[in-house]
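Asker: I need the structure of the sequence given here:
(one chain, ligands or ions: 1)
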Amino acid sequence: MIQKLKIENRVIGFRKFDINEIRKDFPILSREVNGKPLVYFDNAATTQKPNVVIDSIGHYYRYENANIHRGLHFLSEVATEQYENSRLKVKEFINSMSASEIIFTKGTTDGINLLANTMWRANMLNEGDEIIISHMEHHANIVPWQLLGDRKKIVLKVIPINDDGEIIMDEYKKLISSKTKLVSIVHTSNTLGTINPIKEIIDIAHDNKIPVLIDAAQAVSHQKVDVQELDCDFLVFSGHKLFGPTGIGVLYGKAELLNKLPPYQGGGDMIRTVTFEETTFEDIPNKFEAGTPNIVGSIGLGVAIKYLNMFNFNDIAEYENELLQYATNKILEINGIRIIGTAKNKASVISFTVDGIHPYDIGTIIDTDGIAIRTGHHCTQPIMKRYNVPATARASFAFYNTKEEVDVFIKALHKVIKMFS
Ligand code: PMP
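Answerer: Down below sits the predicted model:
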């Protein structure tokens, strides 16, 4: 009965998915660029911020600014409460068991570097150990492990992907050995858009007693990510890709694992006692949050989560999928276009090349029409090599984008092609 009531309450509480109303929440969407209405299709790089997030930042600095945890005065208590409330919001958002499993970081990259720098010190990674990653990883899930390899000679084993940009699961299984000490996998590819079979990947690793780290940088804004349901051991994401501020992110880790890791950085707020001879450390999460953290960033992230919680995530996913299908069909009508990343299960990201036109030219020319897409390797150079392209153009959609914007984009693409023909 309680369960049912709860569900009913939630359903009643969801905000109607009205795209015109949603767009009004994001002030930047009504600005012009180069004399044309902005069409912002660079959401995989960073998302735009709703008014509530922007206002929370100003409000904090105007009325609540103080350092946290260390003061007994009114403002310090307010700031501390806000900061810790945001941790609770993150906890609920990804459904972790406890708020102490939520570590605030600078972002996805910072979270992975934290793990790379602490796991080996806890002997969770040793000389000769292997880490399994995939061919579609962002550099943030490649380079930190390579840097670690300078000291520890860690071997990266890479799961190949098929031509559609999907992980080849049989190859994954073959890579697992007694030397595998971590599987570190991107949930949703920022370049290909592929949504990986994360649960299956985790279950296979766990069958072999291997912990799993999930790079959820692109996943959290497109679908519900539940760490208990996935049973992942670690998960990282960035606030700025979730309609929150830059410079704030999250590392989730199971408490038993985080407890085994030594501190990443030393300094204030992470200690219990300090003498010149010896220091003792705070429990998690404080142990990993040395120094004054990004207080306003975490508050902004909490507000972004609160904003998103107004919506039914299924509505967001459905709408984005519709946009993806619409744009994909329109793009495929254009001669000479090749879409890189055609997985069956895809987020709203389209990477493409056009015969005879460099992606940089596409990006630069359509920018004159106020259209923001990204061109380059998207911090995934191994993917570029896999598909034998120097770069791609990439349009990535958020739930505030529209089919009308897709039409403007397609028209601009036609214009570019005409210029080069
Ligand atoms: N992983 C993925 C899949 C990403 O898309 C990104 C950002 N493009 C990152 C990691 C790195 O995120 P950040 O730069 O916010 O640390």
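Asker: Okay, the closest residue to N345 other than its chain neighbours and T402: tell me how far apart.
Answerer: Excluding its sequence neighbours, the residue lying closest to N345 (Cβ to Cβ, 6 or more residues apart in numbering) is I195, at 4.4 Å. To be clear about C-beta, it is placed using only N, CA and C from the backbone, and glycine gets the same treatment. I195 sits 23 Å away from T402, going by Cβ to Cβ, to the nearest Å.
Asker: Leaving out sequence neighbours, find the closest residue to D367.
Answerer: Closest residue to D367 apart from its sequence neighbours, by Cβ to Cβ, 6+ apart: N34 at 6.9 Å.
Asker: Check what pLDDT the one you found gets.
Answerer: Listed pLDDT for N34 reads 97.
Asker: Can you name the element that comes right after the helix or strand encompassing Y319?
Answerer: For Y319, the host element (DSSP states H and E) is helix 313-332. Next along the chain after helix 313-332, taking DSSP H and E as the criterion, comes strand 337-340.
Asker: What residues sit buried inside that next one?
Answerer: I337, I339, I340 (16 or more other Cβ atoms under 10 Å).
Asker: Quick check: neighbours of that strand in the sheet, parallel or antiparallel?
Answerer: Sheet pairing of strand 337-340 (DSSP bridges) gives strand 349-354 (antiparallel).
Asker: what sits against I366?
Answerer: I373, F409, A412, L413, K415, V416 (Cβ atoms under 8 Å, 6 or more residues apart in numbering).
Asker: Among these, name the ones in helices.
Answerer: Using DSSP state H, F409, A412, L413, K415, V416 are the members of the contacts of I366 that sit in helices.
Asker: The first one: what's it in contact with?
Answerer: For F409, the set of contacting residues under the criterion of Cβ under 8 Å, 6+ apart consists of V39, F41, A327, I366, I371, I373, A395.
Asker: any idea which of these has the most stuff around it?
Answerer: Taking other Cβ atoms under 10 Å as the neighbour criterion, A395 ranks highest of the contacts of F409 with 29 neighbours.
Asker: The residue lying closest to it once chain neighbours are set aside and the ligand: what is the separation?
Answerer: Leaving out its chain neighbours, the residue that sits closest to A395 by Cβ to Cβ, 6+ apart is F41, at 4.1 Å. According to Cβ to the nearest ligand atom, to the nearest Å, F41 and the ligand sit 15 Å apart.
Asker: re the thing from before, wait, doesn't the residue nearest to D367 sit right on G370?
Answerer: Yes: between N34 and G370 there is a contact under Cβ atoms under 8 Å: 5.3 Å.
Asker: For those two, indicate the residue with more neighbours.
Answerer: G370 (18 against 10).
Asker: which bits of the chain sit near the ligand?
Answerer: With Cβ under 6 Å from any ligand atom as the criterion, the chain meets the ligand at residues 44, 107-109, 138, 140, 186, 190, 215, 217-218, 238, 379.
Asker: out of the residues you listed, which are buried?
Answerer: Buried subset of these (neighbour count, 16+ other Cβ under 10 Å): 44, 107-109, 138, 140, 186, 190, 215, 217-218, 238, 379.
Asker: Let me see the contact set for the residue in the stretch 301-421 of the chain positioned nearest to the ligand.
Answerer: Shortest the stretch 301-421 of the chain-to-the ligand distance, computed as Cβ to the nearest ligand atom: residue-wise this is C379, at 5.7 Å. Applying Cβ under 8 Å, 6+ apart to C379 gives the contacts H138, H139, A140, N190.
Asker: Switch the residues you listed over to a markdown table; also include secondary structure.
Answerer: What follows is the contacts of C379, written out as a markdown table (DSSP: H, G, I helix; E, B strand; the rest coil):
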| residue | secondary structure |
| --- | --- |
| H138 | coil |
| H139 | helix |
| A140 | helix |
| N190 | coil |
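Asker: In JSON lines: those residues, plus distance to Y387.
Answerer: Output for the contacts of C379, formatted as JSON lines (distance: Cβ to Cβ, whole Å):
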{"residue": "H138", "distance to Y387": "16"}
{"residue": "H139", "distance to Y387": "17"}
{"residue": "A140", "distance to Y387": "20"}
{"residue": "N190", "distance to Y387": "15"}
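Asker: of the residues you listed, closest to H69?
Answerer: If you rank those by distance to H69 using Cβ to Cβ, A140 comes first, at 28.7 Å.
Asker: The residue lying closest to that closest one once chain neighbours are set aside is in what secondary structure piece?
Answerer: Closest residue to A140 apart from its sequence neighbours, by Cβ to Cβ, 6+ apart: T109 at 4.2 Å. In this structure, T109 is located in helix 108-119 according to DSSP H and E.
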